[in-house]
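**Q** How does the following fold in three dimensions:
(chains A and B)
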Amino acid sequence: MHAIRAEGLVKRYGRTTALDGVDLAAPPGTILGLLGPNGAGKTTAVRVLATLLRPDAGRAEVAGIDVLRRPERVRDLIGVTGQYAAVDEDLSGQENLVLIARLLDLSRAAARHRAGELLARFELTEAARRQVKTYSGGMRRRLDLALSLVGHPRVLFLDEPTTGLDPRSRGEVWSMIRALVAEGTTVLLTTQYLEEADRLADEIVVLDQGRVVAVGTPSGLRAKVGGQTLDVRPADPSDTDAVAKIVAEATGSRPAREGGLVSAPIEPGRSATVALATAARRLEADDVAVTELGLRLASLDEAFLALTGRGAGRPEVEK
Amino acid sequence: MRPLKTVPEEGERAGRHRPLRALRQGFTLAWRSLLKIRHSPDQLLDLSLIPITFVVLFTFLFGNAVAGNWHAYLRYVLPGVAVQALVFSSMNTAAGLNSDVRSGIYDRFRSLPVARAAPLIGRVLGDVVRNAICLLVVLAVGAVLGFRPHAAPLSVLAACGLILLFSLSVCWPAALVGLLARSPESVGGFSFVLIVPLTFGSNVFVPTGQLPGWLQAWVRINPVTRLSDAARGLMLDLPLGRTVPISLLWTAAIAVVFAPLAVLAYRRRT
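**A** Numbering: from 1, shown residues only, chains lettered A, B, ... in the order given. Predicted structure coming up:
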């Protein structure tokens, strides 16, 4: 049984099609990464699965329960963390947690107990009594995550959980997500950070304009789209043109130049070993010194570019 | 003592009585809006400033002109100002609901097994408490200036109850405004356009008889006029006529029309 499953989800807003037949599946205890640029349909997909939005067509199940027919049962099993961190800024962190616990029918004492547990787990105990509007971005996300865990959800939807966070806070949120999955929670995570999907997800679904353009493990996606890339860095930057010519011959595709590094994907059908050997021979024959020569799998950025025909938007990092 | 239970059983949660549950969750959410007062007590100042200003300003502004001396005018104007202040405070409902809907916090509630109507119930219940505070402030300021109800305490209480009940029912059209408005600014504009003719176009400040004929027609059908008449009658031991039943009828009618509309708007918006 899948913890999350969607088939043929369609959602239209007037003339825009937010979801155009999206299929998703995640086994229990895994992280499914939903990757795509802004407006790809990631948030819409999450809202459908989290019972917040009815699709125009398609089916969705969470923990084997039909999201459309029995949304109230699904709500017992899920936690949702929104893109904009829907917490009550006027209340303290503790009050936010107690509020959710009370709404989930916990007694006053049990609610306070649960709030205490989560505050400790997310390292918010010291800030527990402060109003959330005084929290930093990272603290707010941690509280948001804690709030979605009050009811011990089996499936967690995280909609861009680290957008706008500095690298350190992002790392903290990542390790908390990993810990949850280690306990058996299933996570659906949307992100526009390739690195985030790469580091966290067991499987990645790439969405673009409401359609699934690729599915696979992070390394599988890289191999599938990019294949191997040949990198050569000339010791003397004035040799760049000569190197580019050699790389083009060896790989059969047009090289890109970035900061003194010349790299090109190896044409499909060509052997990577032969390409590398060819390049090495030619460099030696022309007496061009290099500081770097090697093969690598395409980066997820390159894979993404190839899949969607554009780069992933990298939002500004706010303090 | 029973052991603490941190995880409610699945079946247990699903099996609760629904209407009761919505109400209980409504109370929890009302607690939320009252916590906000505790965190920023300046909200209380906001809440009391309008009624204080109204009582003081209108008593001295119109007192001599309308009634010959402000002391007599205070007696006339205070019960009506109480009604007016509470109608004004319904803007809180509109603004609060609007900011909640836009903030995404209702999405969190909706992703939880929380009754659909609970956030609305919570908002309105919390606002009734705010309104009660507001009413107390009006009466206190009135008392300081020398307003003494002539009627039996029970009658005065009945007047307060009537006004609070009316404010509860006015919360619903206010909620509708809050849900329909796209931005907090439009909430302000929208509410003002509705509230000003209701409160100033009434006999709160000037007895109906002293108004121009065309205005009298509006003033007579205005529910605020009826409420003010009933409140004055009850507080000052004046003949009541049918003012109390008519006020109750208005109160019920407003709630019956606007509560379902607000719920509908809430469902569409969230």
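
**Q** Could you look up the SS state of residue 61?
**A** In the absence of a named chain, chain A is used. strand (DSSP: H, G, I helix; E, B strand; the rest coil).

**Q** please go with chain B instead
**A** helix.

**Q** residue ranges with poor pLDDT in the stretch 1-150 of chain A?
**A** Scanning the stretch 1-150 of chain A for pLDDT under 70 picks out A:83-85.

**Q** Who are the contact partners of residue A:61?
**A** Applying C-beta atoms under 8 Å, 6 or more residues apart in numbering or on different chains, we find residue A:61 in contact with A:2, A:4, A:5, A:6, A:67. No exception for glycine: its C-beta is placed from N, CA and C like everyone else's.

**Q** hey, what's the fourth one bridged with?
**A** Applying DSSP bridges to residue A:6 gives these bridge partners: residue A:24, residue A:60.

**Q** For chain B, see how far away it is.
**A** Applying C-beta to the nearest C-beta, to the nearest Å, the value for residue A:6 to chain B is 16 Å.

**Q** domains of chain A?
**A** A:4-222, A:228-297 (automatic domain parsing).

**Q** which of these is buried the deepest?
**A** domain A:4-222 (a mean of 20; mean count of other C-beta atoms under 10 Å in any protein chain shown).

**Q** In contact with residue A:80, which residues?
**A** Counting by C-beta under 8 Å, 6+ apart, residue A:80 touches A:46, A:50, A:52, A:148, A:156, A:157, A:159, B:107, B:108, B:111.

**Q** should've said residue A:28
**A** The contact partners of residue A:28, by C-beta under 8 Å, 6+ apart, come to A:1, A:2, A:3, A:154, A:184, A:186.

**Q** how about a markdown table for those, with distance to residue B:115 added?
**A** Shown next, in a markdown table, are the contacts of residue A:28 (distance: C-beta to C-beta, whole Å):
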| residue | distance to residue B:115 |
| --- | --- |
| A:1 | 29 |
| A:2 | 29 |
| A:3 | 26 |
| A:154 | 22 |
| A:184 | 29 |
| A:186 | 27 |
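
**Q** For residue B:133, see how far away the residue nearest in space to the middle of chain B is.
**A** Per C-alpha atoms, centre = their mean, the C-alpha nearest to the average position across chain B is that of residue B:167, at 2.9 Å. Using C-beta to C-beta, to the nearest Å, residue B:167 is found at 11 Å from residue B:133.

**Q** cool, residue B:164 as well?
**A** Counting by C-beta to C-beta - residue B:164 and residue B:133 are separated by 11 Å.

**Q** Residue A:201 now?
**A** Here the criterion is C-beta to C-beta. By it, residue A:201 lies 51 Å from residue B:133.

**Q** for residue B:248, what are its contacts?
**A** Going by C-beta under 8 Å, 6+ apart, the list of residues near residue B:248 reads B:162, B:165.

**Q** So it versus residue B:173, what's the distance?
**A** 17 Å.

**Q** can you check residue B:266 too?
**A** 13 Å.

**Q** Residue A:11 now?
**A** Counting by C-beta to C-beta - residue A:11 and residue B:173 are separated by 33 Å.

**Q** before we move on, the earlier item: and the contacts of residue A:80, which is closest to residue B:139?
**A** Nearest to residue B:139 out of the contacts of residue A:80 is residue B:108 (C-beta to C-beta; 38.6 Å).

**Q** Now do the SS call for that closest one.
**A** At residue B:108, secondary structure determined by three-state DSSP is helix.

**Q** wait, what's in contact with the closest residue to residue A:191 other than its chain neighbours?
**A** Nearest in space to residue A:191, with sequence neighbours left out and distances taken as C-beta to C-beta, 6 or more residues apart in numbering or on different chains, is residue A:197 at 5.5 Å. Shown in contact with residue A:197 (C-beta under 8 Å, 6+ apart): A:33, A:35, A:189, A:191, A:204, A:218, A:300.

**Q** ok so, going back, nearest to residue B:29 among the domains of chain A would be which one?
**A** Closest approach to residue B:29 among these is made by domain A:4-222 (7.6 Å; C-beta to C-beta).

**Q** Quick check: next helix or strand after the helix or strand where residue A:244 lies?
**A** Take DSSP states H and E as the rule and residue A:244 turns out to sit in helix A:240-251. Going down the chain from helix A:240-251, the next helix or strand is strand A:256-258, by DSSP H and E.

**Q** Against which helices or strands is the next helix or strand after that next one packed?
**A** Counting by DSSP H and E, the next helix or strand C-terminal to strand A:256-258 is strand A:261-265. In terms of contacts (3 or more C-beta pairs under 8 Å, 6 or more residues apart in numbering or on different chains; DSSP states H and E), strand A:261-265 is packed against strand A:228-234, helix A:240-251, strand A:256-258.

**Q** among those, which is nearest residue B:196?
**A** strand A:256-258 (64.3 Å).

**Q** Show me what the closest one is in contact with.
**A** Applying C-beta under 8 Å, 6+ apart, the contact partners of strand A:256-258 are A:240, A:244, A:262, A:263, A:264.

**Q** The first one contacts residue A:261, correct?
**A** This means residue A:240. No - assessed by C-beta atoms under 8 Å, residue A:240 is found out of contact with residue A:261, at 9.4 Å.

**Q** for the record, mean pLDDT for stretch A:172-180?
**A** Mean pLDDT, stretch A:172-180: 91.

**Q** just how off-centre is it within its chain?
**A** Mean C-alpha position of stretch A:172-180 versus that of the full chain (C-alpha atoms, centre = their mean, to the nearest Å) differs by 13 Å.

**Q** try stretch A:77-96
**A** On the basis of C-alpha atoms, centre = their mean, stretch A:77-96 is displaced by 21 Å from the centre of the chain it belongs to.

**Q** Give me the below-cutoff pLDDT ranges for the stretch 101-250 of chain B.
**A** For the stretch 101-250 of chain B, applying pLDDT under 70 flags no range at all.

**Q** need the residues of it near chain A, please.
**A** Within the stretch 101-250 of chain B, the positions adjacent to chain A are B:103, B:104, B:105, B:107, B:108, B:109, B:110, B:111, B:112, B:113, B:114, B:118 by C-beta under 8 Å from any C-beta of the partner chain.

**Q** Need the three-state assignment for the closest residue to the first one other than its chain neighbours.
**A** Pointing back at residue B:103 there. Excluding the flanking residues, the one nearest residue B:103 by C-beta to C-beta, 6+ apart is residue A:86, at 6.2 Å. Per three-state DSSP, the secondary structure class of residue A:86 is coil.

**Q** Tell me who's in contact with residue A:86.
**A** Applying C-beta under 8 Å, 6+ apart, we find residue A:86 in contact with A:144, B:103, B:104, B:105, B:107, B:108.

**Q** For residue A:229, state which of the residues you listed is nearest.
**A** If you rank the contacts of residue A:86 by distance to residue A:229 using C-beta to C-beta, residue A:144 comes first, at 38.1 Å.

**Q** Quick one: distance of the helix or strand containing the closest one to the chain centre.
**A** According to DSSP H and E, residue A:144 maps onto helix A:137-148. Its chain's C-alpha centre and that of helix A:137-148 lie 18 Å apart, by C-alpha atoms, centre = their mean.

**Q** quick one on the thing from earlier: and the helices and strands packed on strand A:261-265, which one's lowest on average pLDDT?
**A** strand A:256-258 (a mean of 84).

**Q** What pairs with that strand, parallel or antiparallel?
**A** If you go by DSSP bridges, strand A:256-258 pairs up with strand A:261-265 (antiparallel).

**Q** how far is the strand it pairs with from where the chain is centred?
**A** Put simply, strand A:261-265 sits 26 Å off its chain's centre (C-alpha atoms, centre = their mean).

**Q** what's the angle between it and helix A:240-251?
**A** 20 degrees (axes from the mean of the first three to the mean of the last three C-alpha atoms, to 10 degrees).

**Q** And the contacts of strand A:261-265?
**A** With contacts defined as C-beta under 8 Å, 6+ apart, strand A:261-265 is touched by A:226-234, A:240, A:243-244, A:247-248, A:251, A:253-256, A:292, A:298, A:302.

**Q** Downstream of that strand, the next helix or strand is which one?
**A** helix A:272-285.
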